[in-house]
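J.: Predicted coordinates and the sequence they were generated for:
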Amino acid sequence: MECRDLDGFIDAYLDGEFGDLERVEVEAHLSRCDTCQAAVAEHAGFKQAVRQACGLAVVPGQLLTNLRGRLEHLDADPASYQDSEADRELFGHTPACSMRQLAASRPWRSVPLFASAAFLLGFVWLTSGGFTQDTFAEAAVDTHRRGLPMEIKVSDPAQLQGWLRGKVDFHPHLPTLRTQLAPAGARLSHLRDRQAVYVTYSAPLRGSAPLGLFVFEGPGGPLTDEPHLLRRVGKHEVLVTQRRGYAVAIWRQGGLSYSLVSEGGEAELLRTLPHLP
């Protein structure tokens, strides 16, 4: 593992969302990397401060827009910020956490205010489901390219489906790829804050890298805010994008989200997708 592999996944690690193998890999890296140790400690301190200041808060639907407006009024002296009627509307009549409380309790004053505010905005946005499916494309590529060991190596889809039963909080139905590729193995994983099943498939061309399929419960709403990335396959819309030299396709079927990662191009990826009636 390298530092860039942990970037963006620190909160998932701190929240206990990594599997055993991933956690061991992270802790081995932390034992020899002072920079990542400091980053993890900073994130942990922020989370602790949020818990102490906020308790358990319910996220309203318009929180993202309102929170941006409130953050614009925070200055370099957070304790001077006064809760307004808008804050009370934002957090409820008896808020568990006000902007003033959160700002005044900051023990991480060495962190620039903009950075801590941006982190809070991202944290709240994540918990409120305020993002589209393409948020997961980068995470899928990051996990796929690391080549982590599989927890089970099996080519029989029925046997693999049986192994997955009861291991995640949803039924991870595995689609049949149109090129009839056989699975090579699987492991439990995460895409950002979501439980995921990660399955590798043998490459369609000899000598090519395997494909990676993630099955997870994605957020609702549109697949992407960029309509030019959408392709029509059957009656389904499929998001197709390029990340770090990989092609990624994301679609929904049967209440679940799927992300297929390949080193091939878009045309090959679309030919590999399962039948989407």
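T.: All right, it came through fine.
J.: quick one, helices of the protein?
T.: 3-6, 10-14, 20-30, 34-54, 63-71, 85-91, 99-104, 113-127, 135-145, 157-164, 266-272 (DSSP state H).
J.: what helices or strands is the second one leaning on?
T.: Same thing as helix 10-14. helix 34-54 (3 or more CB pairs under 8 Å, 6 or more residues apart in numbering; DSSP states H and E). Backbone N, C-alpha and C define where each C-beta goes, glycine included.
J.: what stretches of the stretch 101-250 of the chain score poorly on pLDDT?
T.: Within the stretch 101-250 of the chain, the stretches with pLDDT under 70 are 101-132, 204-207.
J.: Kindly report the domain assignment for the chain.
T.: Partitioning the chain according to automatic domain parsing yields domains covering residues 3-127, 135-272.
J.: Next one: Gln48 from Asp34, what distance?
T.: 21 Å (CB to CB, to the nearest Å).
J.: again with Asp193
T.: Separation of Asp193 from Asp34 (CB to CB): 27 Å.
J.: Correct me if wrong: Cys3 contacts Arg32.
T.: No: if you go by CB atoms under 8 Å, Cys3 and Arg32 don't touch, sitting 11.0 Å apart.
J.: So which of these two has more stuff around it?
T.: Taking neighbours as other CB atoms under 10 Å, Cys3 and Arg32 compare with Cys3 leading, 11 against 8.
J.: what sits against the nearest residue to the more buried one once chain neighbours are set aside?
T.: Spatial nearest neighbour of Cys3, chain neighbours left out: Cys36 (5.7 Å); criterion: CB to CB, 6 or more residues apart in numbering. Cys36 makes contacts with Cys3, Leu6, His29, Leu30, as judged by CB atoms under 8 Å, 6 or more residues apart in numbering.
J.: So for those, which is the shakiest by pLDDT?
T.: Ranked by pLDDT, the contacts of Cys36 bottom out at Leu6, which has 81.
J.: if I look at the closest residue to it other than its chain neighbours, how far off is Val26?
T.: Computed as CB to CB, 6+ apart, the closest residue to Leu6 that is not its neighbour in sequence is Cys36, at 5.6 Å. Using CB to CB, Cys36 is found at 9 Å from Val26.
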